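# No letters, just coordinates:
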């Protein structure tokens, strides 16, 4: 087996790795990189000859570039879980609309529809064969429907983690690592140099900040990824009683329905209860009406790059009683990163000072440094290929693993590695 890297090398975003066997060529994910400009995977030679695609989960940095690749000639089945298919369908369609608001995208609506048509669904732990390769999806514990993939070909076993999390949350259980030792692993390294704080303590501090803000008469605006983070925050906030309404705005409400429909959450009863008690905001008029009173607002996008959170920024950034809370990873070049670093955001194209309070709470759905080491210790690969992380995180993790006797690679764009 040979690997060729078209994205997610020494960066977080645009995951896209080509796997070449003796008889076939596969793409492991096809994502975008969000920022001031959308980043797409680097050129894939003879893309029409790709045998199949593998989609690990529904976040845009792993699924958002499939329509773009279709515009370049990709025309093969894409395999993923049924939950991921339904989530990715909505995300890809919505992202195309967002792109059209800012500029002319390098692909069209027909490419998006075609990419969705190409998606086939598979079950966890049910092997399937394509040419000379065998695939098996395992629960990755990242978001509902997420998977890491075991690939066997020519007597070699390779795992591609996608994004992976060993820790159980209110929403889902941790990753399923119950498999035999492997030869190599392509592993995300987003937090290869950082441990996550205790989840229960983070929840306690988060709820305390919400309570503090409401007590002083402010509104609480929470930027959250529509897939995974929104639902976890709905469960957390619904576990307490508040004297103000809780709202969910953006795609998160539709994603919640998909997860409930597929029984893709740890506790369906609690998820339904949260869905029923939290008010869904649909459209600008309902948003403006909700903003007339104090409330808690969960809104996409998680990095403040678009979506309804921009309206909330516009309406609430000048009042120091209000607070804007980030709850996940933020890329350079996004409003979320600017807010944390400078206290400013772009609103209607203008750089604007935020007078409201702001902060970040770590509700990460990625494994921290300790858990990434645990994954390697459990699966016992001889080779470790680190992707989906900044340079410092990768180098820190690589140093540790090399001291443990592992052969570690930190590829660059276009790099080729033989397994």
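On my side now, so go ahead. Keep in mind it's a predicted model, so treat the numbers as computed, not measured.
# residues making contact with stretch 412-419?
For stretch 412-419, the external contacting residues (CB atoms under 8 Å, 6 or more residues apart in numbering) are 1-7, 9-10, 42, 156, 158, 183-184, 383, 385, 409, 411. C-beta coordinates here come from the backbone N, C-alpha and C atoms, glycine included.
# center of the protein - which residue?
With distances taken as CA atoms, centre = their mean, the residue of the chain nearest its centroid is residue 59 (3.8 Å).
# And that residue, how far from residue 258?
Distance, residue 59 to residue 258, by CB to CB, to the nearest Å: 14 Å.
# Counting neighbours, which bits of the lengthiest helix in the chain end up buried?
If you go by DSSP state H, the chain has its longest helix at helix 82-102. Of the residues in helix 82-102, 82-96, 99 count as buried by neighbour count, 16 or more other CB atoms under 10 Å.
# residues making contact with that helix?
Residues outside helix 82-102 that contact it (CB under 8 Å, 6+ apart): 32, 38, 55-60, 63-64, 66-67, 80, 105, 107, 109, 112, 115-116, 119, 121, 144-147, 226-227, 251, 254-255, 258-259, 261-262, 264, 306-307.
# if we can go back for a sec, pick out the most distant pair among the buried residues of helix 82-102.
82 and 99 (26.4 Å; CB to CB).
# Give me the three-state assignment for residue 260.
Following DSSP: H, G, I helix; E, B strand; the rest coil, the label given to residue 260 is helix.
# Next: residue 80.
strand.
# How about it, nearest residue that isn't a chain neighbour?
If the residues on either side of it in the chain are set aside, residue 80 comes closest to residue 55, at 3.8 Å by CB to CB, 6 or more residues apart in numbering.
# my guess is the one you found meets residue 26, correct?
No. Residue 55 lies out of contact with residue 26 (CB atoms under 8 Å); the separation is 11.2 Å.
# between those two, which one's more packed in?
residue 55 (29 against 25; other CB atoms under 10 Å).
# how about that one, what does it touch?
The neighbours of residue 55, taking CB under 8 Å, 6+ apart as the test, are 29-30, 62-63, 66, 78-80, 84, 88, 119.
# can you check residue 190 too?
Residue 190 makes contact with 12, 163, 329, 366, 388-389, 393 under the criterion CB under 8 Å, 6+ apart.
# Name the SS class of it, please.
Residue 190 ends up coil, using three-state DSSP.
# any idea how far residue 73 is from it?
31 Å.
# tell me which element the nearest residue in space to residue 347 that is not next to it in sequence falls in.
Nearest-residue entry for residue 347: residue 314, 5.3 Å, with adjacent residues in sequence omitted and distances by CB to CB, 6+ apart. Assigned by DSSP states H and E, residue 314 belongs to helix 309-316.
# now swap in residue 114 and tell me
helix 109-117.
# Hmm, residue 48 is touching residue 74, no?
Yes. Residue 48 is in contact with residue 74 according to CB under 8 Å; the separation is 7.3 Å.
# Who has more neighbours out of those two?
Between residue 48 and residue 74, counting by other CB under 10 Å, residue 74 is the more crowded of the two (24 against 10).
# follow-up on the earlier one: quick one: which of the contacts of residue 190 is nearest to residue 237?
Within the contacts of residue 190, the smallest distance to residue 237 is 20.8 Å, found for residue 329 (CB to CB).
# Report the contact partners of the closest one.
Going by CB under 8 Å, 6+ apart, residue 329 touches 12, 190, 303, 364, 366.
# before we move on, the earlier item: out of the buried residues of helix 82-102, which is nearest to residue 287?
residue 94 (16.8 Å).
# ok, the closest one to residue 290 distance?
Using CB to CB, we find residue 94 at a distance of 21 Å from residue 290.
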